[in-house]
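*Asks:* sequence and predicted structure are below.
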Amino acid sequence: MFFNYYYDKLNKKIRRNRLEIKGEVTDIIYQNEVNSYTIAVFETEEEETTIVGYLPFVKSGDTLKVIGKFVEHKDYGIQFKVDTFEKMMPETLGALERYLANGNIKGIGEATAKKIIKKFGEDTINIFKFEPEKLAQIKGITEKKAKEMADSFIENWEVWQIVGFLERFGIGAENAKKVYDLLGINAIEQIESDPYILIDIARGVDFKQIDQMALNLGINYDNQKRVQSGIKYGLIKSTYNGHTCVIKENLIQFVITLLDVTTEIVEENLINLKAKEQIIIEKRENVEWIYLENFYKVEQEIALRISRLDKAPNMKEIKNINEELKRVEKRSDIQLSEKQIEAIKAINKNNVTIITGGPGTGKTTIIKTIIELYEEKNKKIVLAAPTGRAAKKMTEATGREASTLHRLLCIGKLDDEGIYVKNGDYKGEPIDADLIVVDELSMVDMFLMNYLLNCIYQGTKLILVGDVDQLPSVGPGVVLKDLINSKMINTVKLDKIFRQAAKSKIILNAHRVNNGLEFIQKGDKKLEEDTKEDFFFIKQNYTEKVLQEVISLSTGRLEKFGNYDFFKNIQILTPTKKGPLGTKELNKALQAVLNPNLEGLPEKTSGGVVYRVGDRIMQIKNNYDITWERENNSKTEIGTGVFNGEIGTIIEIDEKDKVVKIQFDDEKIAWYEYSDLEQIEHSYAITIHKAQRK
């Protein structure tokens, strides 16, 4: 008895040493979609165990070599904690079939995987690599589809080699695909010879990890590549906060701290980067500002293009504007304010006009009046906004169709130079319009603004509408604010809240917040008697109570109060993703009460998240290639591209074809393969940051 006890203790001690084991992931118990922390069932030749660790992109059916040690969890017992891992090619036909069927390879599901293994057996991998045309021998696989499958198989494998390599240096696997696309199959060799190449390729990487890799390879502290990469990293990092340039002294201090080098070394490399035209140094009011060359070029192009457009001959001016305005007012039964009339006259007089102001100040009325004025003159008007939700709101307010800027401009992918690419062409589609109105301009970054201006004919009128107090663009540049501050473009600021809008406590409180004042609430003596009850401030200090309030409001209280249906009229906003009141936990709680699991209906688990028919979801990254359809006046419109921030509803889960059908709020329908579900997340609750993208 004593011997068995001693042997068991000794065995456990051995199992806790650092080990390397190979096996197959047979089931994903949990996978965090944010950081890829995974709990999975792992089957080796000897036993089945539970592995835990950060395993990005790992799916059931993958064969892995994992390095780590056994640990004992107080609740779940012995687990293998993974420090690093490497994806292996499956070593048995059963494992290979499961690998092909798990969604890794585009176009292959369980049925097709079974047919491939049955047909080619031990030669399957060689068929994919060297004789893909033979896949077309299987019924249902065309020669084109066979090539696509083989390309996907090879690309998937090459990317995984890069994933494994980058993983050793703490560089996120989300960058592996981009590294492969730009550097090809020799990516690892190129990175080993110059690790700093990753700074120019992979957005958001940890410079310190790359720097440590380079130092380990023998690069000196004052190496030119190292210092210049540190400078560029500092400039790139500033763009994450919306900036396009940095004060020289601040940048030098940042690089000194980052690299532990001298001021002289940094200044010497600034000169070298300037000589190579990779940075621009501009002196304004005795302060030197440093730009990445492309950011400077884009800012310069925006200034030149908008100035040229504004100074072009005013070919669309309406004569006798005062009489025309009176007719519109009489016909529409509206009374325009002095500021609104000033704005309309400014639009008529100038080719480019900015209309700015907070909520309820009459911006929409100006747009509607302009539409009526110019349509009466047989002028073509185009309405656009940066996001799908903003375009839909514009359509509802004006009664005219508005599109997203991406759709209007037929935008393709955004390359590393901040240039939108469509089929390799850097030029945009010219906009056929006499007058273009762009709403919610505060959300437009410098790259999108530059692309828009590049697509506008000289002589077209451009009206830019927005509120500088709203959240700025996610990308670099605060275009609306900078254009207003430049005083080069005619700007009309609306500051009067109209009586109808003043009945809304939401609008009143929005202006009070901007002015640093407290909310006004029900029963406040400052309010007029006919103010709408559309704003409530519920003070609650306890997390559990807040969650109860959110669920109660979402599941009946607001519906009883004003016939508000959650799926049509309600959106939960929260500041963060993490924590008990972050989007992750709120979405789980809200899905459980608003769209619970019904026996017999299909559902799909991806990244630890369960998706069901009826779920509200949001696209969380730009997908320029996905195909969608939309019924439009009895005709089927077909297009490509679903963009970050678009919201939709899951309307079908097809287990046979392994696709999820999603209808977005602009009525387009897209089919997502199971492997594409990493691009979406639940949107019962979203962050305030994401709400900006809607």
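*Replies:* Now that the structure is in, tell me what you want to look at. Numbers count the residues shown, from 1 in each chain.
*Asks:* rest of the way, CA atoms for contacts and neighbours
*Replies:* OK.
*Asks:* max-length helix in the protein?
*Replies:* Secondary structure of the chain read by DSSP state H shows that its longest helix is helix 143-167.
*Asks:* list the helices and strands that helix packs on?
*Replies:* strand 77-88, helix 124-130, helix 176-183, helix 187-193 (3 or more Cα pairs under 8 Å, 6 or more residues apart in numbering; DSSP states H and E).
*Asks:* okay, buried residues for it please.
*Replies:* Buried residues in helix 143-167, defined by neighbour count with 16 or more other Cα atoms under 10 Å: 145-147, 149-153, 155-167.
*Asks:* rewinding a little: confidence-wise, which of the helices and strands packed on helix 143-167 is weakest overall?
*Replies:* The stretch with the lowest mean pLDDT among these is helix 176-183, at a mean of 73.
*Asks:* which residues in the stretch 301-450 of the chain form strands?
*Replies:* 352-357, 381-385, 402-404, 413-414, 420-421, 435-438 (DSSP state E, counting those that start in this stretch).
*Asks:* columns mean pLDDT and distance to residue 47 on top of the ones you listed, output as JSON lines?
*Replies:* Below are the strands of the stretch 301-450 of the chain laid out as JSON lines (pLDDT from 0 to 100; distance: least, Cα to Cα, whole Å):
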{"stretch": "strand 352-357", "mean pLDDT": "95", "distance to residue 47": "67"}
{"stretch": "strand 381-385", "mean pLDDT": "95", "distance to residue 47": "57"}
{"stretch": "strand 402-404", "mean pLDDT": "89", "distance to residue 47": "54"}
{"stretch": "strand 413-414", "mean pLDDT": "52", "distance to residue 47": "47"}
{"stretch": "strand 420-421", "mean pLDDT": "51", "distance to residue 47": "51"}
{"stretch": "strand 435-438", "mean pLDDT": "97", "distance to residue 47": "62"}
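*Asks:* between those strands, which gets nearest to residue 117?
*Replies:* strand 413-414 (36.6 Å; Cα to Cα).
*Asks:* what does stretch 19-35 rub up against?
*Replies:* Residues from elsewhere that reach stretch 19-35 (Cα atoms under 8 Å, 6 or more residues apart in numbering): 37-45, 54, 56, 59-69, 95, 607-609, 678.
*Asks:* so which of these belong to helices?
*Replies:* Those of those lying in helices (DSSP H): residue 95.
*Asks:* show the buried residues in the contacts of stretch 19-35.
*Replies:* 37-43, 54, 56, 59-64, 66-69, 95, 607-609, 678.
*Asks:* ok, which stretches of the stretch 501-650 of the chain are strands?
*Replies:* Under DSSP E, counting those that start in this stretch, the stretch 501-650 of the chain gives strands at 572-574, 603-606, 609-612, 616-619, 623-632, 635-642, 647-654.
*Asks:* those: which one's closest to residue 275?
*Replies:* Across the strands of the stretch 501-650 of the chain, closest to residue 275 is strand 623-632 (Cα to Cα), at 36.0 Å.
*Asks:* who's in contact with the closest one?
*Replies:* Looking at what lies outside strand 623-632 - Cα under 8 Å, 6+ apart - the contacts are 412-413, 636-644, 667-671.
*Asks:* hmm, residue 321 is touching residue 347, no?
*Replies:* No - in this structure residue 321 lies outside contact range of residue 347 using Cα atoms under 8 Å: 10.8 Å.
*Asks:* quick one: low-confidence ranges for the stretch 551-694 of the chain?
*Replies:* 692-694 (pLDDT under 70).
*Asks:* repeat the analysis, applying 80 as the threshold.
*Replies:* 598-600, 607, 622, 624-625, 632-634, 644, 675, 689-694 (pLDDT under 80).
*Asks:* check the stretch 351-500 of the chain too.
*Replies:* 388-389, 410-429, 469-475, 496-500.
*Asks:* please apply the same query to the stretch 101-250 of the chain.
*Replies:* 102-104, 106, 155-182, 184-186, 199-206, 209, 240-242.
*Asks:* quick one, phi psi at residue 136?
*Replies:* Here is the backbone geometry of residue 136 (degrees, to the nearest 10): phi -70, psi -10.
*Asks:* also the one 5 residues further on?
*Replies:* Dihedral angles of residue 141 (phi, psi; degrees, to the nearest 10) stand at phi -110, psi 110.
*Asks:* can you name the residues that contact it?
*Replies:* residue 135.
*Asks:* span of stretch 180-187 from start to end?
*Replies:* 6 Å (Cα to Cα, to the nearest Å).
*Asks:* could you do stretch 312-330 as well?
*Replies:* Start-to-end, stretch 312-330 (Cα to Cα) is 33 Å.
*Asks:* how far does that stretch sit from its chain's centre?
*Replies:* The chain centroid and the centroid of stretch 312-330 are separated by 41 Å under Cα atoms, centre = their mean, to the nearest Å.
*Asks:* likewise for stretch 402-410?
*Replies:* Offset of stretch 402-410 from its chain centre (Cα atoms, centre = their mean): 17 Å.
*Asks:* and the residue lying closest to residue 321 once chain neighbours are set aside, how close does it get to residue 487?
*Replies:* Spatially, and ignoring its direct neighbours in sequence, residue 321 is nearest to residue 345 (7.3 Å; Cα to Cα, 6 or more residues apart in numbering). Residue 345 is 18 Å from residue 487, where distance means Cα to Cα.
*Asks:* same check on residue 405?
*Replies:* Residue 405 sits 25 Å away from residue 487, going by Cα to Cα.
*Asks:* and if you look at residue 469?
*Replies:* When residue 469 is compared with residue 487 (using Cα to Cα), they lie 18 Å apart.
*Asks:* and those two? Which one has more around it.
*Replies:* residue 469 (14 against 9; other Cα atoms under 10 Å).
*Asks:* that one touches residue 514, doesn't it?
*Replies:* Yes - counting by Cα under 8 Å, residue 469 does reach residue 514; the two are 7.4 Å apart.
*Asks:* shared neighbours of these two, anything?
*Replies:* Counting by Cα under 8 Å, 6+ apart, nothing touches both residue 469 and residue 514.
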